[in-house]
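[1] Take this sequence and fold it.
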Amino acid sequence: MLGSVLNSKTIQVNSTEQSDPEERHPHLLQCALERIDSMLNVSEIAKEWDAPPDSQPEKMPNASSFYHVWCALEFLSCNRSRMCTGDSTMDEDVPLPLRTMFGDGVQFAGCTLVHLLGQRTLYDLWNVSQHVINVHHCEEVKAASDAQIALVSSKTSRHKSEMFSVQTTVGTLDREMEEKAARFVLNAREMRATSERIFHMLEMTWPLGNRAPATFTPPPFTPPVKTPSSPHAGHAQYLR
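    Numbers count the residues shown, from 1 in each chain. You can find the predicted model right below:
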């Protein structure tokens, strides 16, 4: 299985032809990335999964863009429950987390394809899981600020906090939804940290070079037209 991905001839070292003893030969990961990149281009999968630089969820030229599909898969995997280390009593109805079943292999494969296809920028820009993390962080900062204001302005803030319901910028969350949101954010943060380490390794091993910058334009906005017959005209007519 590994031999079908790696080109064994590429990683063979001929010591007799080595002129410089300090010369570095390609390591196994670099050879694997070269083989995968070649397979993507020869099979034309790279064209099928291509994403233009100005691609966005609202206007996506190619619905099969890999970064969009991978972001959706990451979002779904973050909704799965977590299993504590050493917890042998698992409910059969509760699905196992993907990391428990496959380790980091699936995530490493997805990040590798995103990197080789040159879609890292789009992945970072339109990552829904990262957006949820940012919103949650904003809520944490807002809650801490509100608590500090309430503590300074009122001596009864402790009594009020006992009756406090979880109010966010998107509405009031019940206890079940709050636990699900906290679990999602925990999974998303762990996945994000792992992805950053994987991308760093890929960039060091297989640099793609500088890419042409893409320009993103905001949606068109037409300001409201001020008509002369608004409040003043009505007021003048009322005075008559």
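
[2] Mind naming the longest helix for this protein?
    helix 175-205 (DSSP state H).

[3] what bits of the chain have low per-residue confidence?
    Scanning the chain for pLDDT under 70 picks out 1-26, 82-98, 155-172, 210-214, 216, 228-240.

[4] mind listing the strands in it by residue range?
    167-168, 171-172 (DSSP state E).

[5] quick one: contacts for Arg189?
    Ile133 (CB atoms under 8 Å, 6 or more residues apart in numbering). For every residue, glycine as well, the C-beta is placed using N, CA and C.

[6] For it, give its distance to Ser38.
    Here Arg189 is placed at a distance of 35 Å from Ser38 (CB to CB, to the nearest Å).

[7] can you check Pro219 too?
    In terms of CB to CB, Pro219 sits 40 Å off from Ser38.

[8] So between those two, which is more surrounded?
    Ser38 (11 against 6; other CB atoms under 10 Å).

[9] mind listing what the more buried one touches?
    No contacts exist for Ser38 under CB under 8 Å, 6+ apart.

[10] just Glu58 next, same as before
    Pro219.

[11] separation between it and Pro218?
    On the measure of CB to CB, Glu58 and Pro218 end up 11 Å apart.

[12] before we move on, what about Phe66?
    26 Å.

[13] more crowded one of the two?
    Counting neighbours by other CB under 10 Å for Phe66 and for Pro218 shows that Phe66 has the greater number, 23 against 5.

[14] now Ile45, nearest residue through space, not along the chain?
    Distances taken as CB to CB, 6 or more residues apart in numbering place Met39 nearest to Ile45, at 7.7 Å, with adjacent residues excluded.

[15] Any buried residues in the longest helix of the chain, and which?
    By 16 or more other CB atoms under 10 Å, the buried positions in helix 175-205 come out as 181, 184-185, 187-189, 191-192, 195, 198-199, 202.

[16] do the same with stretch 62-72
    Applying 16+ other CB under 10 Å to stretch 62-72 flags 65-68, 70-71 as buried.

[17] And for the spatially closest residue to Arg120 that is not a sequence neighbour, the neighbour number?
    Spatial nearest neighbour of Arg120, excluding adjacent residues (CB to CB, 6+ apart): Val114 at 5.9 Å. Here the number of neighbours of Val114 (other CB under 10 Å) works out to 25.

[18] which ones are touching Val114?
    Counted by CB under 8 Å, 6+ apart, Val114 has contacts 66-67, 70, 120, 123.

[19] same thing but at 10 Å, please
    49, 51, 66-67, 70-71, 120-124, 195, 198-199, 202 (CB atoms under 10 Å, 6 or more residues apart in numbering).

[20] Nearest spatial neighbour of Ala51, chain-adjacent residues omitted?
    Nearest one to Ala51, counting by CB to CB, 6+ apart, is Ser65 at 3.6 Å.

[21] My understanding was that that neighbour contacts Trp49; is that so?
    Yes. Counting by CB atoms under 10 Å, Ser65 does reach Trp49; the two are 6.4 Å apart.
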